[in-house]
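K.L.:
fold the following and give me the result.
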Amino acid sequence: DRKNMGGGSLHSPDPRPRPGAAAAAVTPAPTPAAAPAEAPVREDGGAEAGSYVDELVARLIEHLKKKIHVAVRPEGAAASKADAKSKVTVFPRISLPISELKPSYDVVVIGSGYGASVAASRLSRAGKRVCVLEKGREVVPGEYATNLEDVVGELKLTLPDGSVWPQDRQTSFFDFSFYKNVIVWKGCGLGGGSLVNSSISIRPDPRVFDTWPTAIRDDFSSMEAGYARAHDMLCPNVYPDQATRPLQQAEALRTASGGAGFMLVETNTTFRERVNAQGITQPACTLCGDCNTGCNYGAKNTLLMNYLPDAFQHGAEIFTETAVQYVERSGSGSGWTVTLISFADGTPTIKTVNAATVVLGAGSLGSTEILLRSKARGLAVAAGVGQRFGGDGDFFGIAYNGDTPKHGCGCGERPLEQMAGKEVGPCISAAWDLRSPSKPLAEGFVIENISIPGPFAHLLSDIFPAASLLFGRDHQKAGQQVARIAESMAGGPYVGATDHTIIFGGMATYPPQDQDGYMQLTADRLQVCWPDPVYKPHNDAVIAAMEDGARKLGATLIVDPFANPLKIEGKDREMAITVHPLGGCVMGDDSRAGVVNHKGQVFRTDGSAVTDVFDSLYVVDGAALPASVGVNPLFTITAFAERACALMAADRGWVIDYDSKGSRRLPDASW
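P.N.:
Presented below is the predicted three-dimensional model:
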C-alpha cells in the first residue's frame, strides 16, 4: 500500500561526499518535502488495499524471491555458456573502465537504448566528444541466459515501493518491476531494450501522429528521413524462406487470421551471414527463438551490432554500470553537471561529469526518474514531468493445445540439432493487422505471434494446463487435448500440448486521455501508478479476435490473467503487463501540453514564455512519446531520435557525416 512504503534508498538528495566521509558512502534519503501544487503526491493508487490483484502480485513476488539465490550471480551467466562460445562469432567489447571517465565532454548521453544509441552515433559523427553512461553491464552474444537458472541468477525485482531486491543487483540484466496496477518487464545492459526485445520494425497508423507536436505534423518529411536512416542502420527484413522452410508460428497466425490482414513483419535480424556496415561479422539466424532472453549467436541486430559500435568508431567513450541520479546546471551556468553512482568496482561510488549538452535516453522510467530528481533539486522543468505514462496497448493471449504443432518454444540449452524440423524462427515473424483507415484509430490493433524463450519453456509448459482451466475459453476437440497434455507433462514443452501452442501479442492505440499513468518520487524512489490501465473497448475487441483465432486453430484461448478475469469475477481493479513502457516526459507544443518540444528539448518554467526550453537538455526516447503507437515502438523511437539529432546539429552548425566509416578500430574480440 502506498501509505506504508518506506525503507532506505541508494539515492541521496545530495550524494556528493562530505568532508571526512568515504566517497562511496551513500546515505538513506530523508523523506522529501511536500511536492509543489502542480504535481501533488497521490495516494489513491486506483484501488483499495488488499485487493485481488495486490494478493496475486504479492504471491508472485514472494515466489520469485524464493527462486533468486542472493549469493550466486554468474557474470552474464557465462558459466553455462562454454558450449555456446564454440558456436558463435566472438564479438568486441566497446565499454571502458570507469577510471577512464574524463571530467568533461561536449555531450553526455544517458542510457544506451534506441534513442540514446542514435544520439551517441550521430553526435560522434558530428565530431563531438561524446560520453555514454549506461546503468547495466556489457553482455555480449554467447553470455545470455540459456536456462531458467541463468535467468534467476540475473534477475532483479523492483518492488512496489521502488526498492530493488536483492539490493546488490542494481545492474542485473533482467528487471521485473512491480508497480501500482502495472508490471514492467525490461532488460538492463549496454544496448538497452534491444537486447531482450522482439526487434520488430513496423510503422504506426499515420493518425497516431495527430497527437504529436504541430511542428512534426507540419514537417513530416523530417520524420520520414528519420525512418529511412533508422532502416539503414537496423537493417530490418522479413524472414526470407517462408515459402521453402515455413515457420509454423507464422503459419498458425495465418490460419488464425483467416488470411485477412496477415503479413510477415520486418525484424531486425540477419538471415544470411554478412559483415555489417560496422565491420562486425554476423552469422545467419539459427531460428532458435530465444530473442527475448538475448541472442547468443549475434544474428539479432541489437544496438551492439550497429549504432553503439558506430559511436565507438567515431570516438564516443562508453561506460557501463553507471546509474545517473540527476542533472543540474554547472557552476558556470553554460553547461551541465551529471551526478552518477558507479557500481563498476563493486562498491557504489559517487562521481560527476560535466557536459555542454546532455541527452537523456534512459527509457520511459529512467529518463523520467532522472528529471523528477533533477526537478526536486530545483531544475525548473515543466510541471507535467512524470505524467501520461502508459504502455503500448499491450495485451496477451495464449492459444493453447491446438490441432497442429506450432513449434513455439525456443531452443534454450538444447543442442540446435534437436530443433531440426521444429525451427521456431525469430521471436516474432508475422502479424495479423486489424488496423484500418475506415474505422477509428482506437478500434484498430495488431496481433503478433510470440515465441517462448527456451529458458522459460519448461516453466510455462507446467503452468499452461492449470491456466487453461482457470482462464481458458475452450475450442478444442474432445479427447485429443487430454492426450497432448499428458504428452507434454511426460515429454516436456517440445512435444504435445505446449508444442501445439501459440502466444498472441496484441498492441493497440489508447486514446491519449486513457494513457493516464503517473510517476513520482517517494523517499527518493521512483513509484509508478496507472489507475486504470486496461482500456476496455480495446480489450474486448482484441479478446474477440484472439478467441476467433483460437477457434480456427482448435485451441483453448487463455486470456491475459491479470486483466480480464478480474472484471469477470467482479473484482475492483485490473492490472496491465507491459514490455513497452512509454511517456513520462511527453512531447507537446509548449510547457502546458508537454515536457519536451518537438526536438526533444526540455521545457523550462523559469523563462518568459511557455515555449522556452533548456536548449542543451534533451529527451530522445520512449519517455517523449505522447501516446501509444499501437505497434512495436522501437522503429518510431529510433526515427524520432534521428530527427532530433539532425535538428540539434542544424541548430548548432554541426555537420553529421553520415558517410564516414570512422577512424577508431573496434577492439579485438575477446571473452
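K.L.:
tell me the helices in the stretch 401-550 of the chain, going along the chain?
P.N.:
In chain order, the stretch 401-550 of the chain shows helices spanning 454-471, 480-491, 496-499, 536-553, with DSSP state H, counting those that start in this stretch as the criterion.
K.L.:
of these, which stretch is the most buried?
P.N.:
Of all those, helix 496-499 carries the top mean neighbour count, a mean of 26, counting by mean count of other C-beta atoms under 10 Å. (C-beta placed from N, C-alpha, C; glycine too.)
K.L.:
the helix or strand harbouring residue 251: what's the following helix or strand?
P.N.:
According to DSSP states H and E, residue 251 maps onto helix 248-257. With elements assigned by DSSP H and E, the helix or strand that comes after helix 248-257 is strand 262-264.
K.L.:
hang on, the earlier thing: nearest to residue 619, of the helices of the stretch 401-550 of the chain?
P.N.:
Closest of the helices of the stretch 401-550 of the chain to residue 619 is helix 536-553, at 27.1 Å (criterion: C-beta to C-beta).
K.L.:
assumed residue 338 was part of a helix.
P.N.:
No: when classified by DSSP: H, G, I helix; E, B strand; the rest coil, residue 338 is found to be strand rather than part of a helix.
K.L.:
that one touches residue 357, doesn't it?
P.N.:
No: with contact defined as C-beta atoms under 8 Å, residue 338 does not count as touching residue 357 (11.0 Å).
K.L.:
overlap of the contact sets of these two?
P.N.:
By C-beta atoms under 8 Å, 6 or more residues apart in numbering, residue 338 and residue 357 have these common neighbours: residue 108.
K.L.:
and residue 464, how far from residue 503?
P.N.:
Per C-beta to C-beta, to the nearest Å, residue 464 is found 10 Å from residue 503.
K.L.:
identify the contacts common to the two.
P.N.:
In the contact map built from C-beta under 8 Å, 6+ apart, the residues linked to both residue 464 and residue 503 are residue 398.
K.L.:
so how far is residue 275 from the residue most central in space within the chain?
P.N.:
In the chain, the C-alpha nearest the mean C-alpha coordinate belongs to residue 193, at 4.2 Å (C-alpha atoms, centre = their mean). Per C-beta to C-beta, residue 193 is found 26 Å from residue 275.
K.L.:
partners of the longest strand belonging to the chain in the sheet?
P.N.:
In the chain, assigned by DSSP state E, the strand with the most residues is strand 349-360. Strand pairing for strand 349-360, using DSSP bridges, gives strand 104-110 (parallel), strand 336-342 (antiparallel), strand 613-619 (parallel).
K.L.:
using a markdown table, lay out those together with mean pLDDT and distance to residue 583.
P.N.:
Conversion of the strands paired with strand 349-360 to a markdown table gives the following (pLDDT from 0 to 100; distance: least, C-beta to C-beta, whole Å):
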| stretch | mean pLDDT | distance to residue 583 |
| --- | --- | --- |
| strand 104-110 | 98 | 18 |
| strand 336-342 | 98 | 23 |
| strand 613-619 | 97 | 11 |
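K.L.:
select, out of those, the one closest to residue 213.
P.N.:
Using C-beta to C-beta, those put strand 613-619 closest to residue 213, at 12.3 Å.
K.L.:
pLDDT weak spots in the stretch 201-350 of the chain?
P.N.:
Along the stretch 201-350 of the chain, the model assigns pLDDT under 70 to no residue.
K.L.:
again with the stretch 351-500 of the chain
P.N.:
When the per-residue scores of the stretch 351-500 of the chain are filtered using pLDDT under 70, the ranges that remain are 475-479.
K.L.:
again, 90 this time
P.N.:
Using pLDDT under 90 as the threshold, the predicted model of the stretch 351-500 of the chain has low-confidence ranges 391-395, 442-443, 462-463, 465-483.
K.L.:
those strands in the stretch 551-671 of the chain, which residues are they?
P.N.:
556-559, 576-578, 601-603, 613-619 (DSSP state E, counting those that start in this stretch).
K.L.:
can you redo the ones you listed as TSV with distance to residue 440 and mean neighbour count?
P.N.:
Converted to TSV, these look like this (distance: least, C-beta to C-beta, whole Å; neighbours: other C-beta atoms under 10 Å):
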stretch	distance to residue 440	mean neighbour count
strand 556-559	23	25
strand 576-578	21	22
strand 601-603	31	26
strand 613-619	30	23
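K.L.:
now the ones you listed as TSV including distance to residue 157?
P.N.:
Converted to TSV, the strands of the stretch 551-671 of the chain look like this (distance: least, C-beta to C-beta, whole Å):
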stretch	distance to residue 157
strand 556-559	24
strand 576-578	15
strand 601-603	31
strand 613-619	27
